[in-house]
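Chemist: predicted coordinates and the sequence they were generated for:
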Amino acid sequence: MNRPLKVGIIGLGHLGRYHAEKVAQISLAGLGMTERGVELKAICDVNEERLEEVANLLLKGYGLKPFKTKNFEEVLPLVEAVIVATPTFTHYEIVKKALLEGKAVLVEKPLTADINEAKDLVKLAEEKALILQVGYVERFQRVVEELCQRVKDPIFIEAHRIGSFTERNLDIDVVLDLMVHDLDLLFLFKNPQDLEFIHAVGAPVFTEKPDIVNARLVFKDGTTCNLTASRISLSKQRKFRVFAKGAYFRVDTLEKSLVQVLVDQKNRNYRIERLHFPEDDPLLKEVIAFAKAVVGLAEPRVQAKDTLASLEVALRIKAEVEINLKRLSALS
């Protein structure tokens with residue numbers, strides 16, 4: 001049997017601890033890795049309390065005792081691959097160092113908050129022939145996979161990604177925090193090079209950065225997309241709606257449901273189909289896909305180079321929001 005793939009987790013906040021648990025599950029159960037298993041070799045966080053908390057969770061829940069450290073550089077010699085779930089402003093330094101050390105990387109979205117830094121990391125990964133995957137976990141939702149198989153020629157797309165305020169990802173605004181997920185999904189259906197018009201407005205409410213943003217995007221063929229993201233709402237929504245000629249699709253990634261409505265335009269009849277996948281675990285699928293790509297068992301998914309377009313448009317939306325906020329400020 002081949003030796004297991006040694007993986008380290010850097011950053012053990014909200015998502016990092018979930019990543020640690022998923023790697024632990026894979027290490028114990030195999031989960032599609034055939035002869036090549038996975039070993040959770042090291043965990044890292046600058047917060048000692050979080051580090052101890054996750055270490056205890058892994059020991060009690062999975063019987064695992066990985067090396068633990070507050071210094072991410074101590075992880076790199078021990079592993080072949082890392083999952084980076086630290087604040088966005090640290091991504092560039094950590095991911096670049098890992099790539100230079102020859103390690104495959106799965107980094108939580110966004111890759112960076114600077115397009116030039118993102119392109120630099122993509123170039124470095126290509127030069128080193130290393131996997132650099134970005135954590136757009138929605139792509140691994142079964143309902144999203146179903147949607148991609150069914151949608152053809154959308155004419156209108158609408159998305160609502162809404163949540164309550166939490167003390168996480170406050171180094172970035174809601175566009176890079178939440179809306180970027182829907183931009184990533186949008187570009188599964190539309191070519192970003194055909195984007196012709198952007199109008200975006202937003203407001204900082206709880207932080208100094210925009211916490212709620214609405215963006216309207218229009219493509220050369222007339223396809224219009226209306227995206228709303230908020231991190232200051234009382235309720236939580238994760239809905240992505242697609243309208244096409246004679247068809248309507250609604251994905252709810254919280255409910256893990258897909259509704260498809262097909263319309264017979266001649267006799268005005270319609271047919272509704274509902275799908276539900278309550279047991280779906282997209283984060284686990286994402287980590288498995290990363291591990292399998294690293295060991296050569298599968299083609300890589302959500303490669304960093306394929307996420308540059310959504311990041312670039314997110315930064316354009318962010319700039320448009322800032323321009324409109326300055327206009328409002330000048331009028332007041």
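Modeler: Thanks, I have the structure now. Numbers count the residues shown, from 1 in each chain.
Chemist: and the helices in the stretch 101-250 of the chain?
Modeler: 115-128, 142-150, 174, 180-186 (DSSP state H, counting those that start in this stretch).
Chemist: columns mean pLDDT and mean neighbour count on top of those, output as JSON lines?
Modeler: For every residue, glycine as well, the C-beta is placed using N, CA and C. Output for these, formatted as JSON lines (pLDDT from 0 to 100; neighbours: other Cβ atoms under 10 Å):
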{"stretch": "helix 115-128", "mean pLDDT": "98", "mean neighbour count": "16"}
{"stretch": "helix 142-150", "mean pLDDT": "96", "mean neighbour count": "17"}
{"stretch": "helix 174", "mean pLDDT": "94", "mean neighbour count": "29"}
{"stretch": "helix 180-186", "mean pLDDT": "97", "mean neighbour count": "25"}
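Chemist: closest one to I212 among those?
Modeler: helix 174 (6.3 Å; Cβ to Cβ).
Chemist: that older thread, distance to D281 for the helices of the stretch 101-250 of the chain - can I get that in TSV?
Modeler: Listed next are the helices of the stretch 101-250 of the chain as TSV, based on distance: least, Cβ to Cβ, whole Å:
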stretch	distance to D281
helix 115-128	27
helix 142-150	9
helix 174	26
helix 180-186	17
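Chemist: in the sheet, who's paired with V134?
Modeler: Taking DSSP bridges as the rule, V134 bridges to V107.
Chemist: wait, doesn't it sit right on V105?
Modeler: No. The pair V134 / V105 is not scored as a contact, 9.2 Å apart, by Cβ atoms under 8 Å.
Chemist: mind checking the pLDDT average for stretch 303-321?
Modeler: Per-residue pLDDT over stretch 303-321 has a mean of 96.
Chemist: could you list the buried residues of it?
Modeler: Residues of stretch 303-321 classed as buried by neighbour count (16 or more other Cβ atoms under 10 Å): 303-318, 320-321.
Chemist: which residues touch L258?
Modeler: By Cβ atoms under 8 Å, 6 or more residues apart in numbering, the contact set of L258 is 143, 146-147, 249-252, 274-276.
Chemist: quick one, which of V134 and V105 is more surrounded?
Modeler: Just comparing V134 and V105: by other Cβ atoms under 10 Å the higher neighbour count belongs to V134, 30 against 27.
Chemist: would you map the strands across the stretch 151-300 of the chain?
Modeler: 154-162, 195-203, 212-219, 224-230, 237-244, 247-252, 257-264, 269-276 (DSSP state E, counting those that start in this stretch).
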